[in-house]
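A.B. asks: 3D, please:
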Amino acid sequence: DDEDDNESGDEDEEESGDENESEMALVDEQDTSSSTVNETSSLLPKYTRKLTLSDELNTRINQMIKSNMKNKKHHRSKHADRDGKKASNFKAVLLIIKSFIGTGVLFLPKSFENAGYMFAIGCLAICSLLSYYCFVILIISRNSLNTKARLVYGELGYSLYGKLFQTAVLQSIILSQIGFASAYIVFTATNLQQFFQSFMSINYPLPMYIFLQMLVFIPLSLTRNISKLGGTALIADAFILIGLVYVIYYSSFHMIQEGGISSTVIPFNSETWSLFIGTAIFTFEGIGLLIPIQDSMKKPNQFPKLLACVLTGSTLLFIGTGLLCYFSYGKDVKTVILLNFPSDSLMTQTSQFLYAMAILLSTPLQLFPAIRILENQYVFPKQSGKFDPKVKWMKNYFRCMIVTVSCLIAYVGANDLDKFVSLVGSLACVPLIY
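C.D. replies: Numbering: from 1, shown residues only. Predicted structure coming up:
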C-alpha cells in the first residue's frame, strides 16, 4: 500500500511537473511573441521613413521628367517657329530667279550687236557652265569645313586663305552689288521717264526718277531678313515674265514684218567684242545672294539642284532673247531693247512700266549683301541692334546712306549705261565669281 501511495504520489508530481513545464513553455512563447511584436513595432518607423523618402524621390523624379518634357516641347516649338520663318523651296526658287534674271536680259540684244551672235552664244554658254561650277565649289567648300557656324563669303575666304583673301572677297561683293543696284536704278529711271513721256506727256529729268526711287529703297533696305523680300520677289518675277513675253512677242512680230532676219547681223564683231564679256558676267549676277538664300531655306541641302534648274533655264532664256532681238533689229538695236518698241503702243508702255516696277522691287535684294558685309565687317563689327536701340538706329542711318551713294553712282553712270554695265561685270564680277 505504501508503495502504491508512493507511486501515485510520484505520478502526481510528474503530472504537476509536466503542467508546470507546459505553463513555462506558454510563458516563453508569449514572451517570445511579445518581444517579436515589440521588435517589429520598433522597426516600422524605419520602414515607414524609407517609404516616405522613396515617395518623395519618385515625386521629384516625376517633376523633373515633366519639366524636361516641357523644355523639349518648348525647344521643339521654338525650332518649329524658326523653321516656319525659313523659306520653302518654291520661295527659294523665286529668290534665285530674281537674283539672276533682271536688267541683264534687256541689255543682251545690244551686247549681241557688240560681240556678234556666234561669239555671244558661245560666251554665254561657257560663262553659264563656269558660273555653276564655281557656285557649287563655293557651297561644297563651305559645307566641308568642320564648323557649326554658317560661314559667309568673307569668313570662308579667311578660313581657307587668310585675311588678305577675305578682304578681296568682301570688297568684290560690295562693288558688284552696289554696281548692280546702280545699274538697276538707271534702267528703272530710263524706263519710267520714257513711260511718263509717252503715256502722260510728263517730261521730268532723269535725276528726278532716281530721287523718287531712293524714297522707295530706303524703307525696303531696312529689312533684316532676306526671306522677307520673297513677297517683292514674287511680284517682280511676275512683272518680269510679262515684260519678257512682250519682248519676245514684239521682236518676233517685227522680224516677220520686216521679212526675216536683219541683213546687218554679223557672227563676230572684231571691234567691240570685249565689251560683251563684262556684260555676260553681269548677266549671271546672282552670286552675292547664293549663301544668304541657302541660309534662309528650310531644306538647304536641295539648293544645288534648284540652282542648276534655274541657271539652265536662265541661260536658255538669255541666249534666246538676245538672239531673237538682235536678229530682228540688227545694228539698230538700242541699249535697252524696250526703247526699240513703238512708244505710243499701250502694250509697250505697260511693259516698260511693269519691268520698271519689277527692277524697282529687285534693287533692295541686290543691296542686301553689300549692306550686311559693310555693317558686320567694317562699320559695326560685333555690335547688334537687337537689344540696343541706339545701335539699331545707327545701322538704319547707315543703310540710308548706302542707298543714297548707290543713287549717286547711278546718276554719274546714266549717260553710258552699256559701258557702265560692262565695267561692273569686268571689274567686280569676274574676280568674285571665278
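
A.B. asks: Please compute how far the one helix or strand Gln366 maps to lies from its chain's middle.
C.D. replies: Element membership for Gln366 (DSSP states H and E) is helix 346-373. In terms of Cα atoms, centre = their mean, to the nearest Å, the centre of helix 346-373 is found 19 Å from the chain centre.

A.B. asks: next SSE after it?
C.D. replies: For helix 346-373, the succeeding helix or strand toward the C-terminus, using DSSP H and E, is helix 389-412.

A.B. asks: That following helix: which residues count as buried?
C.D. replies: For helix 389-412, the neighbour count (16 or more other Cβ atoms under 10 Å) marks 392, 394-395, 399-400, 402-403, 406-407, 409-411 as buried. All C-beta spots, glycine's among them, are computed from the backbone N, C-alpha and C.

A.B. asks: which among these gets closest to Ile173?
C.D. replies: Nearest to Ile173 among these, counting by Cβ to Cβ, is Ile402 at 13.2 Å.

A.B. asks: How about Met306: what's its closest non-neighbour residue?
C.D. replies: Careful, residue 306 is Leu; it's not Met. Val93 (5.6 Å; Cβ to Cβ, 6 or more residues apart in numbering).

A.B. asks: same for the helix or strand hosting that neighbour, what does it pack against?
C.D. replies: Per DSSP H and E, Val93 falls inside helix 89-100. Counting contacts by 3 or more Cβ pairs under 8 Å, 6 or more residues apart in numbering; DSSP states H and E, helix 89-100 is packed against helix 230-257, helix 287-295, helix 303-329, helix 346-373.

A.B. asks: Can you list the neighbours in contact with whichever helix or strand comes after it?
C.D. replies: Using DSSP H and E, the helix or strand that directly follows helix 89-100 along the chain is helix 104-115. With contact meaning Cβ atoms under 8 Å, 6 or more residues apart in numbering, helix 104-115 is reached by 120, 123, 187, 244, 247, 268-269, 272-273, 275-276, 279-280, 282-285, 317-318, 321-323, 325-326, 329-331, 333-338, 355, 417-418, 421.

A.B. asks: where does Ala87 fall, phi/psi-wise?
C.D. replies: Dihedral angles of Ala87 (phi, psi; degrees, to the nearest 10) stand at phi -80, psi 140.

A.B. asks: how close does it sit to Ile319?
C.D. replies: 29 Å (Cβ to Cβ, to the nearest Å).

A.B. asks: Same drill for these two, tell me which one is more crowded.
C.D. replies: Neighbours per residue, other Cβ atoms under 10 Å: of Ala87 and Ile319, the larger number sits with Ala87, 23 against 19.

A.B. asks: is that one in a bridge, and if so with what?
C.D. replies: Met297 (DSSP bridges).

A.B. asks: From here on, call the first residue 56.
C.D. replies: All set: I'll call the first residue 56, so the last point we hit is now Ala142.

A.B. asks: hang on, isn't it packed against Ile348?
C.D. replies: Yes - in this structure, Ala142 is within contact of Ile348 by Cβ atoms under 8 Å, at 7.5 Å.

A.B. asks: joint contacts of those two?
C.D. replies: Applying Cβ under 8 Å, 6+ apart, one finds that Ala142 and Ile348 are jointly contacted by Leu150.

A.B. asks: re the thing from before, which of the helices and strands packed on helix 144-155 has the lowest average pLDDT?
C.D. replies: Ranked by mean pLDDT, the helices and strands packed on helix 144-155 end with helix 342-350 in last place, scoring a mean of 76.

A.B. asks: now that one against helix 285-312, angle please.
C.D. replies: Here the directions of helix 342-350 and helix 285-312 differ by 130 degrees (axes from the mean of the first three to the mean of the last three Cα atoms, to 10 degrees).

A.B. asks: Please name every helix or strand in contact with helix 342-350.
C.D. replies: Under the contact rule (3+ Cβ pairs under 8 Å, 6+ apart), helix 342-350 is packed against helix 144-155, helix 172-199, helix 218-254, helix 358-384, helix 401-428, helix 485-488.
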